[in-house]
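*Asks:* Fold the following and give me the result.
(one chain, ligands or ions: 1)
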Amino acid sequence: MSTAIAVNGAAGRMGRTVIETASERDDVEVVVGFHATDAGDIGGVPVVESDGVASALAEHDVDAVVDFSTPEAALGIVDACIAADVALVVGTTGFDAEGFDALEAASDEIPVLKATNFSRGIQVLLRTVTEAVGALDGYDLELMETHHNDKVDAPSGTANTILETVQDERDVEPVYGREGHAPRDEDEIGVFARRAGDIRGEHELVLAGNDEVLSLSHRAEDRGVFAAGALDAAGWLVDRGDGWHEFDDVIDED
Ligand code: NAD
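*Replies:* Here you go, the predicted model:
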């Protein structure tokens, strides 16, 4: 039986990609989409206004919502998901602390899985970052990311996740852009964001020291990689209990 999915942010770049990716799979089916205004029909999926979320979740017998929208729009559907007892997969980035807390609170009542990056390669990169930073004590650290010119948050959610992964291993302070900060301090990590063209997402962590440079980098070549990961997460999540779940666990159980 396929998992019935609703897509929040259905008319956006990622929402459309999720609908297209799901149409090529038989383990998931996008049954309805949500948008700020009535967006008609996208890829054969009815897209309804966001104030109709509660009734649409019941009407279409939704198992999980996959959200790629804005922090406000994501938080706007939380109560409806709880009322309908529907699992929530959040791909949106850029939540402030209050928004993040609200998602965590929701996980007391429904299964919630939030990831700043649904590509498998980035999950493997995060594991490698932990190993490399732990092993290469004292090496200088610099973190770079590049995205399309329409991205609203900077640095990217993924860059922040890489930064937190580094900080779990070493006590370093981020210096954004480095203006006025040369020469570098050994307790800092430079963080740089570039915006250009339609670049899907590039991340690189450089560890430099002792006459050598280790560069850990990842490039997403198509938004389909994020959509596929989010749909995998949704199918996995509906069989889990209420609580906060990690994309890393989805990969481990494949
Ligand atoms: P986008 O701007 O193309 O799409 C967002 C859509 O949400 C827009 O169409 C916007 O109109 C819509 N929206 C606004 N208010 C809404 C509401 N109340 N209800 C429903 N929809 C509403 O952006 P995008 O490139 O698709 O990215 C969306 C989010 O996903 C961003 O936060 C981005 O950083 C994140 N993202 C995450 C991953 C990941 O793997 N986790 C990958 C790519 C993008």
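
*Asks:* does any part of stretch 242-254 sit near the ligand?
*Replies:* No - applying CB under 6 Å from any ligand atom, one finds stretch 242-254 out of contact with the ligand, separated by at least 8.6 Å. Where you see a C-beta, it was placed from the backbone N, CA and C, and this is true even at glycine.

*Asks:* In this protein, what residue spans correspond to helices?
*Replies:* Using DSSP state H, the helices found in the chain span residues 13-23, 53-59, 71-76, 78-84, 97-106, 120-135, 157-169, 224-237, 247-252.

*Asks:* Reformat those as a markdown table; add mean pLDDT.
*Replies:* Shown next, in a markdown table, are the helices of the chain (pLDDT from 0 to 100):
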| stretch | mean pLDDT |
| --- | --- |
| helix 13-23 | 98 |
| helix 53-59 | 96 |
| helix 71-76 | 98 |
| helix 78-84 | 98 |
| helix 97-106 | 98 |
| helix 120-135 | 97 |
| helix 157-169 | 97 |
| helix 224-237 | 98 |
| helix 247-252 | 91 |
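
*Asks:* In a markdown table, list those along with distance to H218 and mean neighbour count.
*Replies:* Converted to a markdown table, these look like this (distance: least, CB to CB, whole Å; neighbours: other CB atoms under 10 Å):
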| stretch | distance to H218 | mean neighbour count |
| --- | --- | --- |
| helix 13-23 | 18 | 22 |
| helix 53-59 | 33 | 17 |
| helix 71-76 | 24 | 19 |
| helix 78-84 | 30 | 19 |
| helix 97-106 | 24 | 14 |
| helix 120-135 | 5 | 17 |
| helix 157-169 | 9 | 19 |
| helix 224-237 | 10 | 23 |
| helix 247-252 | 14 | 17 |
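
*Asks:* Look up how far D41 lies from L216.
*Replies:* For L216, the distance to D41 (CB to CB, to the nearest Å) stands at 42 Å.

*Asks:* Which residue of the two possesses the greater neighbour count?
*Replies:* Remark: of L216 and D41, L216 carries more neighbours, 19 against 9, as counted by other CB atoms under 10 Å.
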